[in-house]
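Undergrad: after the sequence you'll find the predicted model.
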Amino acid sequence: MHTIITSLSYKPKIDALIKRINRHRRIINMIIAVKMLESIRNPTPDQLEFIVAYGDRALIPEIPRLYRLAKNMNREDLIMMLQSLWEKYGCPSPIECPKCGFRAIMPDLICYVCGNIVSENYIREKLSFKEKFDEYVKNASLAELNDIMNLGFVLLGEIDVKSPRYRIEAWKKIYYPVHLRQSDIEKIIEEMGKRKQEY
Ligand SMILES: [Zn+2]
């Protein structure tokens with residue numbers, strides 16, 4: 001073995017071997033990180049760092065717990081690493097949670113990561129409901145406008161407002177239910193009046 005390592009003629013072979021080991025090291029580290037995540041309830045800061053650094057997409061279901069641990073240790077660096085994992089493999093929402101900073105506000109207005117509940121007002125403001133609703137009312141059919149008045153709510157997403165009749169699940173995009181206020185209903189009635197005059 002000694003002669004192999006010291007002999008220059010074998011160097012390319014050793015380089016290739018090291019490259020192979022390095023390629024596998026990440027996978028081996030990932031397996032160790034996942035095992036640690038499963039078996040250690042209260043990891044030390046070093047253990048947590050290893051888990052977050054190598055766990056990769058396997059960490060997604062455990063992100064709420066990992067976030068709590070990192071938060072308790074005051075490890076903003078680890079929180080940022082978890083955030084980028086969430087962005088890459090999780091289900092990033094159109095808006096950020098004001099408490100933990102993750103884009104993890106689900107359609108029930110609860111943050112998947114920290115459990116914080118945001119208000120409908122927050123959703124309305126962050127996603128510019130007013131502009132999107134105006135656009136929606138202008139383009140919806142009379143039947144659809146009647147329908148949402150009866151339902152009393154619409155769905156608000158990153159780019160537009162939709163009727164709750166649309167099959168949102170099929171798009172894999174997050175939409176939030178927004179209840180119609182008096183001013184929204186007045187807007188619909190006004191639009192209906194305009195259309196009736198046109199006929
Ligand atoms: Zn949160």
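TA: Looks like it arrived, so ask away.

Undergrad: all helices for the protein, in order.
TA: Assignment of helices within the chain using DSSP state H yields the ranges 2-6, 11-39, 45-54, 63-72, 76-89, 120-126, 129-139, 142-151, 182-198.

Undergrad: which of the residues in the second one are buried?
TA: Taking 16 or more other CB atoms under 10 Å as the neighbour-count basis, helix 11-39 is seen to contain the buried residues 29-30, 33-34, 36-37. For glycine as for every other residue, the C-beta is placed from the backbone atoms N, C-alpha and C.

Undergrad: quick check: the farthest pair among those residues?
TA: 29 and 37 (12.3 Å; CB to CB).

Undergrad: surely residue 160 touches residue 136?
TA: Yes - taking CB atoms under 8 Å as the definition, residue 160 is a contact partner of residue 136 at 6.8 Å.

Undergrad: neighbour count winner among these two?
TA: Counting neighbours by other CB atoms under 10 Å for residue 160 and for residue 136 shows that residue 136 has the greater number, 22 against 14.

Undergrad: from residue 108, how far off is the residue lying closest to the more buried one once chain neighbours are set aside?
TA: In this structure, residue 136 finds its nearest non-sequential neighbour in residue 161, 4.0 Å apart by CB to CB, 6 or more residues apart in numbering. Residue 161 sits 18 Å away from residue 108, going by CB to CB, to the nearest Å.

Undergrad: for residue 19, same thing?
TA: Note on residue 19: its distance to residue 108, by CB to CB, is 48 Å.

Undergrad: now the helices of the chain in a markdown table, with mean pLDDT and distance to the ion?
TA: What follows is the helices of the chain, written out as a markdown table (pLDDT from 0 to 100; distance: least, CB to the ion, whole Å):
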| stretch | mean pLDDT | distance to the ion |
| --- | --- | --- |
| helix 2-6 | 51 | 52 |
| helix 11-39 | 87 | 20 |
| helix 45-54 | 96 | 17 |
| helix 63-72 | 97 | 8 |
| helix 76-89 | 96 | 11 |
| helix 120-126 | 97 | 12 |
| helix 129-139 | 97 | 21 |
| helix 142-151 | 94 | 29 |
| helix 182-198 | 90 | 28 |
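
Undergrad: no further questions, thank you.
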